[in-house]
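Engineer: I would like to see how this sequence folds:
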Amino acid sequence: GLKLASDILEQWLACQRNWMYLEPIFASDDIQKQLPTEAKRFQTVDRNWRKFTAEAFKNPDPLSLCNSERMLNTFMECNKLLDMVAKGLSDYLETKRAGFARFYF
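Structural biologist: Below is the predicted model of the structure:
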């Protein structure tokens, strides 16, 4: 019911926030080549996020859309993957910072 829909929407919004931050970064071929594992994880999330967003566009009623444990589990998994992607990106940037200490960003 409402609790499940609320949990799904909470996970979905967290996923969307991270997706919006990471999507322009992983749209770059250079980053995809430098971080192939993270790029693959991001592509998995991207596919799921786009699929559920398209479903929401077709069915704008949140209670009928957000009624499956599978959807909740998918978004929870996507958020775990995005955390791993963000950590990998952060580690990568840290190695670049070490190599270019005077350009610390």
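Engineer: ok, longest helix in the protein?
Structural biologist: When the chain is parsed with DSSP state H, its longest helix is helix 69-99.
Engineer: can you list the buried residues in that helix?
Structural biologist: 71-72, 74-75, 78-79, 81-82, 85-86, 88-89 (16 or more other CB atoms under 10 Å). Using the backbone N, CA and C atoms, a C-beta is placed for each residue, glycine as well.
Engineer: closest one to Trp19 out of those residues, please.
Structural biologist: In terms of CB to CB, no member of those lies closer to Trp19 than Leu82, at 6.9 Å.
Engineer: before we move on, back to that, so which of the buried residues of helix 69-99 would you say is closest to Thr44?
Structural biologist: The closest of those to Thr44 turns out to be Leu81 (CB to CB; 6.1 Å).
Engineer: how about stretch 19-38 as PDB, C-alpha atoms only?
Structural biologist: The C-alpha coordinates for stretch 19-38 follow below in PDB (Å, rounded to 0.1, in the frame of the first residue of the first chain):
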ATOM      1  CA  TRP A  19      21.900   9.600 -11.500                       C
ATOM      2  CA  MET A  20      21.600  13.300 -12.400                       C
ATOM      3  CA  TYR A  21      25.000  14.000 -10.900                       C
ATOM      4  CA  LEU A  22      26.800  11.000 -12.600                       C
ATOM      5  CA  GLU A  23      25.100  10.900 -16.000                       C
ATOM      6  CA  PRO A  24      27.000  13.800 -17.600                       C
ATOM      7  CA  ILE A  25      30.200  12.400 -16.300                       C
ATOM      8  CA  PHE A  26      29.600   8.900 -17.600                       C
ATOM      9  CA  ALA A  27      28.300  10.200 -20.900                       C
ATOM     10  CA  SER A  28      32.000  10.900 -21.700                       C
ATOM     11  CA  ASP A  29      33.800   8.100 -23.700                       C
ATOM     12  CA  ASP A  30      37.000   9.000 -21.900                       C
ATOM     13  CA  ILE A  31      35.600   8.400 -18.500                       C
ATOM     14  CA  GLN A  32      34.000   5.100 -19.700                       C
ATOM     15  CA  LYS A  33      37.400   4.000 -20.900                       C
ATOM     16  CA  GLN A  34      39.200   5.100 -17.700                       C
ATOM     17  CA  LEU A  35      36.600   3.500 -15.400                       C
ATOM     18  CA  PRO A  36      35.100   0.500 -17.300                       C
ATOM     19  CA  THR A  37      33.700  -1.200 -14.200                       C
ATOM     20  CA  GLU A  38      32.000   1.900 -12.900                       C
END
